Each structure stands twice: as C-alpha cells, then as structure tokens.
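Visitor: below is the structure, and that's it, no one-letter string:
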Ligand SMILES: Nc1ncnc2c1ncn2[C@@H]1O[C@H](COP(=O)(O)OP(=O)(O)O)[C@@H](O)[C@H]1O
Ligand SMILES: [Mg+2]
C-alpha cells in the first residue's frame, strides 16, 4: 500500500523536517515570505498547533501522563485536525501550504520512543504526500549547540525524559535526538527527501531551497497554483482590474 495519498489538487504542499535545532523553522519562514513576495498564496501550518487538543496536550505534559502510544495518538489527532480543517482545503483552493514538520516527525520521534514503525505509518496513511520534503541534515553536536545557545531549559518530553534514558536532562536529550536522527537518516531515501546540508549558512541553504521550489513549480506547470501574476495583472489591469488572492 502506498504510504500517502497523492496530492491531486491544484495547490502544493512543502514540508521541512529534521531534528531540533537543524534550522527548519528559520528556513520555512524565509521560504514562505519569499513565495509570498513572488505573488503566491501561501499558508503556514505548524506541528502540534491545533486548538482541538491544546488543553489535553498541556495537561498531559504537565502531569507527565503520556505513554509513547497516547503521545503518538494525540499528535496524530492534532495532525488530522489540521489536515482536514486547514491543509487540505487550502491545497484544494490552490495555495502553497508550508508545513513546519509533517508526518515524518512522528515516524522519527514516535519510533525513537519505541512505538512500532508500521503502526505509526499506518496511523498517518490518510495524509497527502507533500510535493516537496526538505530534510535538514545536521550533526547532533551542532544542533544541540544551537538549542542550548538559544534556550534556557529543555522540557521533559522534548528531552525524552519519559523514556528513562538518563537522569540528566541534557544527556537524555542528546540520546533521544540521536535516535531521532538515526530514524530520519534511515527513511531519507525512501521518502524522497531533498537533503540540505544544514551546517551551511542560512543564506546558502535558503538559496538551495528556492532553487528546488522554483524547479518544482516550473515542472508542474504552475497550473492550478494561486498566483497574483504580477506581470499579467499589470497588462490585464488596463481592461479589467483584478485583485490578488487574499489569505
Ligand atoms: N544555518 C544556521 N547557522 C547557525 N545557526 C542557525 C542556522 N539556522 C538556524 N540557526 C539558529 O539555530 C537555532 C535553531 O533554529 P530553528 O530554525 O529554530 O531550528 P528548528 O526549527 O529546526 O528547531 C536558532 O537560534 C536559529 O537562529
Ligand atoms: Mg522549529
């Protein structure tokens, strides 16, 4: 059975993946801004951001009530809610949806937590296949250095403290992220990730991403993708003024 349903809609789905501190959020923010500046209708969706499960997630984390499977299921519920209410309608309408983490995060993280690889893949089988998936490959030490430099404390589940890997938060985080990194590396080829060397400068990585995105959009003929078409609009304006799509 194929992993995901193909995207048969007008819009596109672009996702970023990688361990914490690999630079995903930095890059997808720059990419969305740039696509918007090019006149595309761009929407953004972030992992674990659905209002549907927010309170339960907060409570479960605070009281440390999650097991690997219930944690996995709550993320899947978050993902299903965002897929059905937000990502799919926007892709159907022709937008470019940029997602900061996608199902691959669950494939890497839940499996690193000991959940069955097959079970978690099956759980996300309703998802649509991204048109482009970027994987930010970075050595563990580089990522950890960035995280520790930018943050005060690493949280309980983030560090994988629920797994009893070490009593030291930093050590547990290191072991857990190492496991996640191994999972990403193991699936990179199968999932057709575009691998970006995430040790490069922010500018260099962004340049490579934009090139791949442009090639992707050109190859698909931009057919249904919503675009304000700056030049065409200027020409058409003389006859009938039209407005760019608003999101
Ligand atoms: N190429 C880079 N080189 C150095 N630092 C970076 C680079 N990309 C991002 N950072 C910094 O690393 C930290 C983590 O970046 P972020 O984009 O939040 O990563 P992620 O979303 O993958 O966890 C931030 O402080 C960010 O400014
Ligand atoms: Mg991030």
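Guide: Cool, the structure landed. All of these numbers come straight from a predicted model, not from anything done at the bench. Ligands and ions are numbered 1, 2, ... in the order given.

Visitor: what mean pLDDT does stretch 155-168 get?
Guide: Averaging pLDDT along stretch 155-168 gives 95.

Visitor: for the protein, what lies in contact range of ligand 1?
Guide: Within the chain, the positions adjacent to ligand 1 are 18, 20-26, 146, 150, 201-202 by C-beta under 6 Å from any ligand atom. The way it works is simple: take the backbone N, C-alpha and C, and place the C-beta from them, glycine included.

Visitor: and with 5 Å instead?
Guide: 20-26, 146, 150, 202 (C-beta under 5 Å from any ligand atom).

Visitor: nearest to residue 86 among these?
Guide: Using C-beta to C-beta, residue 25 comes nearest to residue 86 of the residues of the chain next to ligand 1, at 18.1 Å.

Visitor: SS state for the closest one?
Guide: Using DSSP: H, G, I helix; E, B strand; the rest coil, the structure places residue 25 in helix.

Visitor: pLDDT (mean, whole number) over stretch 129-143?
Guide: Taken as a whole, stretch 129-143 carries a mean pLDDT of 97.

Visitor: revised request: answer the last question for stretch 3-16.
Guide: 95.

Visitor: and the end-to-end length of stretch 34-44?
Guide: Taking C-alpha to C-alpha, to the nearest Å, stretch 34-44 runs 13 Å from one end to the other.

Visitor: and that stretch, what's buried?
Guide: Of the residues in stretch 34-44, those buried by neighbour count under the rule 16 or more other C-beta atoms under 10 Å are 35-36, 38-44.

Visitor: please tabulate those in JSON lines, including the columns pLDDT.
Guide: Shown next, in JSON lines, are the buried residues of stretch 34-44 (pLDDT from 0 to 100):
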{"residue": "35", "pLDDT": "97"}
{"residue": "36", "pLDDT": "97"}
{"residue": "38", "pLDDT": "94"}
{"residue": "39", "pLDDT": "95"}
{"residue": "40", "pLDDT": "96"}
{"residue": "41", "pLDDT": "96"}
{"residue": "42", "pLDDT": "97"}
{"residue": "43", "pLDDT": "97"}
{"residue": "44", "pLDDT": "97"}
